[in-house]
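Chemist: From the sequence below, what's the structure:
(chains A, B and C, ligands or ions: 2)
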Amino acid sequence: MPILTISGLRKSFGTTEVLKGIDLSVSNRELVFIIGPSGSGKSTLLRCINRLEEPTGGGIAFDGVEVTDRSTDLNALRRSMGMVFQSFNLYPHMTALANVTLALRKVLKKSRDEADAIGREALAKVGLSDKTASYPSELSGGQQQRVAIARALALDPKIVLFDEPTSALDPELVGSVLAVMRDLKAGGMTMLVVSHELRFARDAADRVIFMDQGHIVEEGPPSAIFNEPREARTRAFVAGLLR
Amino acid sequence: MTAWERFLETFFKPELMVQYWPDILEGVVVTVQIAAAVVVTGLALGLMLASVRAYQVRFLNLFIVIFVDVFRALPPLVAILLIYFGLPNIDIVLPSFAVLWLVLSFVLAAFAEEIFWAGITSTPKGQWEAARSTGLTFSQTLLSVVLPQAIRLGIPPLTNRTIAITKNTALGTVIGVSEILSQATSAQAFTGNATPLMMGALAYIILFIPIVAVGRWIETRFAWRRA
Amino acid sequence: MEVFLHQFLNFEIMQKVFPLLLKGLWTTLYLCVLVIPLGLAGGLLLALLSLSRRRAVAWTTIALVDLFRAAPPLVLLILLYSGLPFAGIKLTPTAAVCLAFFCNTSSYYGEIYRAGIESVGRGQWEAARSTGLSAPQTLTYVILPQAVRNVLPDLVSNTIEVVKLTSIASVVSFPELLYSADMARSVTLNSSPVVLAAVMYILLLWPLVRLVSRLERQVAAR
Ligand SMILES: Nc1ncnc2c1ncn2[C@@H]1O[C@H](COP(=O)(O)OP(=O)(O)OP(=O)(O)O)[C@@H](O)[C@H]1O
Ligand SMILES: [Mg+2]
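Modeler: Numbering: from 1, shown residues only, chains lettered A, B, ... in the order given. Ligands and ions are numbered 1, 2, ... in the order given. All right, here's what the predicted structure looks like:
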């Protein structure tokens, strides 16, 4: 039983169509990995799923709710979908703990004590128990991204969307973020990940999607996509990554 | 009498200083009260207008932009005279201190709106998206995430602007608000000596120099490092 | 409403006082032409002095600038205009107004120039000096053009403030726009002349206000 079902999803900016009919379903506890050339629409797909962008056509069903319905409570929906951004987007005027607890207090209306307890737990999960009082400017890129992951986790989401979570990081900091993502996977979190970390995809992904020019070109288990792609475009792209 | 003695006699006559310092002090109290009221209401109104503008309601935005532009272009003294001498003709009588307070609040609000709005628009899009992706509403995002950053960004330019506008409390003397300058000029007219005037000037300087110095410090120290 | 229109938007009266106000507007512009260049030049001098390597010079200048930024311009004006005669020094009204505004205006311009010069990195000085340019040459050809570009919105914005500032010369009976309008008001017992003056100020300054907003956006986008 899939938790997320996308059917015929379309998105245009003005006259340019960026997503040209995407069909994709994600099962509970699955880690789906999305690769594809720059501009192929990967970020747009993720942003349509929690409606940071308004889809222009097609449907998205998440956990029994039709995401694109006008009657859907968008803020409740977004709470159950975590999102992690390439550029972290931590709130610079708040400590790590305050970053994590803001939505707990404002959206879930939890008391400060309760929110802080959940926040500390989330920060512990990403290995940052000792940084709760630090401001983003005092943290390394890898630490900032882990705070951002904790911010998403604190709301106890049913899925986490990652948009190139490691591409803004120095190489030596990538590992700490991937380690957290591995833990999440081991804990049974459903994840949709846009990234070009092939090693991580090979040993953590259940399924890899290759997107190009607004279409899903090919999908399959990592071994199939990376070792014996069927489509020429996939082969060319994967070869480029491996080089 | 040497020139120096004459200078002292004209601007620093001890008897007059002793006699008139309570009057000047009274003026100081009035100046401080009005200045404080202007700072509070002006900044609050400016912040409110900038927040309303974020909702992008066309009709309201037009009103805000016109309000801001008018009070940035209009000399405050013109507005003060217009309201003080104009309103009684249509049977609205405001006390002079209220006119001064109202006009200066509007002027400060206009500048503050502009500065806060610049702060709101310069907050990166990612901040909005991160907050919305955790389920915060537009208003919650504005209030908890964007405004704090906009305010912090606005503090250095606002400090100097606020000081300049609160100094305009001296304009109150034209419509008879009994602030420092007004006390000083009436004492001067009474005594035929410039000492009260010099005392008034000194009172302003003693009042505002620390604030100017703090403004200078804030400008250099409040540099904002983005994460 | 009738009364309101009669009191504030009486076109008959506006028409009658228009020539008088126009004369006032010219006087205002004349005052601006005196005060703005003086302030710009004085400000540059103050900025350079406040950046002097001689500590005593720099600190004295900064103290002076802060002194004039702390004193309301109207206080300076009245002190010069009605205080000095007691000491036997009688300035003409124009001289008193110009001197008072000069003290205020050059201090504000000075602070803006200083921020601009400080915003140009030391590397620019060093690069220019290493090619054999003298200090004044470096300042003129390398530093100031960049500095002015960086603080252009503040310079224009302060110039708007100076134009608005000229209205307080009315307090010492200097026959500029506001003074003319207020005279007309007390003669006609009607506020329309002051409304007309307000409109004139807004027409004069509104383009500059828009310009500042645009410049600020450009600088922010850089
Ligand atoms: N807000 C927008 N307005 C107009 N065009 C947009 C907008 N957002 C994205 N696009 C366009 O949509 C296309 C897909 O963008 P998207 O960010 O989804 O690509 P991507 O696959 O994530 O690429 P990358 O790997 O570079 O992040 C691009 O051509 C981009 O220019
Ligand atoms: Mg992208």
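Chemist: Convert the C-alpha atoms of stretch B:72-91 to PDB, please.
Modeler: Output in PDB follows, covering the C-alpha atoms of stretch B:72-91 (Å, rounded to 0.1, in the frame of the first residue of the first chain):
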ATOM      1  CA  ARG B  72       9.000  61.400   3.400                       C
ATOM      2  CA  ALA B  73       8.600  64.300   1.100                       C
ATOM      3  CA  LEU B  74       6.700  66.800   3.300                       C
ATOM      4  CA  PRO B  75       8.700  69.000   5.700                       C
ATOM      5  CA  PRO B  76       7.400  68.200   9.200                       C
ATOM      6  CA  LEU B  77       7.000  71.800  10.100                       C
ATOM      7  CA  VAL B  78       4.500  72.200   7.200                       C
ATOM      8  CA  ALA B  79       2.400  69.300   8.500                       C
ATOM      9  CA  ILE B  80       2.600  70.700  12.000                       C
ATOM     10  CA  LEU B  81       1.400  74.200  10.900                       C
ATOM     11  CA  LEU B  82      -1.300  72.700   8.700                       C
ATOM     12  CA  ILE B  83      -2.800  70.600  11.400                       C
ATOM     13  CA  TYR B  84      -2.400  73.000  14.300                       C
ATOM     14  CA  PHE B  85      -3.800  76.000  12.500                       C
ATOM     15  CA  GLY B  86      -6.100  74.200  10.100                       C
ATOM     16  CA  LEU B  87      -8.100  71.800  12.200                       C
ATOM     17  CA  PRO B  88      -9.600  74.400  14.500                       C
ATOM     18  CA  ASN B  89     -11.300  75.900  11.400                       C
ATOM     19  CA  ILE B  90     -13.300  72.700  11.000                       C
ATOM     20  CA  ASP B  91     -14.000  72.500  14.700                       C
END
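Chemist: Look at the residue of chain B at minimum distance from ligand 1 and report its pLDDT.
Modeler: Proximity of chain B to ligand 1 (C-beta to the nearest ligand atom) peaks at residue B:125, 9.4 Å away. (C-beta placed from N, C-alpha, C; glycine too.) The score at residue B:125 is 92. That number is its pLDDT.
Chemist: so how far is residue A:87 from it?
Modeler: Distance, residue B:125 to residue A:87, by C-beta to C-beta, to the nearest Å: 10 Å.
Chemist: For these two, indicate the residue with more neighbours.
Modeler: residue A:87 (18 against 10; other C-beta atoms under 10 Å in any protein chain shown).
Chemist: show me what contacts the more buried one?
Modeler: A:168, B:126 (C-beta atoms under 8 Å, 6 or more residues apart in numbering or on different chains).
Chemist: which SS class is it?
Modeler: Taken by DSSP: H, G, I helix; E, B strand; the rest coil, the conformation at residue A:87 corresponds to coil.
Chemist: May I see the buried residues of stretch C:88-100?
Modeler: Across stretch C:88-100, burial judged by 16 or more other C-beta atoms under 10 Å in any protein chain shown covers C:96, C:97, C:98, C:99, C:100.
Chemist: Contact residues of chain B facing chain A?
Modeler: Within chain B, the positions near chain A by C-beta under 8 Å from any C-beta of the partner chain are B:124, B:126-127, B:129-137, B:140, B:144-145, B:148-149, B:152, B:225-227.
Chemist: Please repeat the previous calculation with a cut-off of 7 Å.
Modeler: Taking C-beta under 7 Å from any C-beta of the partner chain, the part of chain B that reaches chain A is made up of B:126-127, B:129-130, B:132-137, B:140, B:144-145, B:148-149, B:152, B:225-227.
Chemist: Could you pick out which of those are located in helices?
Modeler: B:126, B:127, B:129, B:130, B:132, B:133, B:140, B:148, B:149, B:152 (DSSP state H).
Chemist: Pretty sure the first one sits against residue A:85.
Modeler: Yes - between residue B:126 and residue A:85 there is a contact under C-beta atoms under 7 Å: 6.0 Å.
Chemist: Looking at the two now, which is surrounded by more residues?
Modeler: Neighbour count, other C-beta under 10 Å: between residue B:126 and residue A:85, residue A:85 has more, with 23 against 14.
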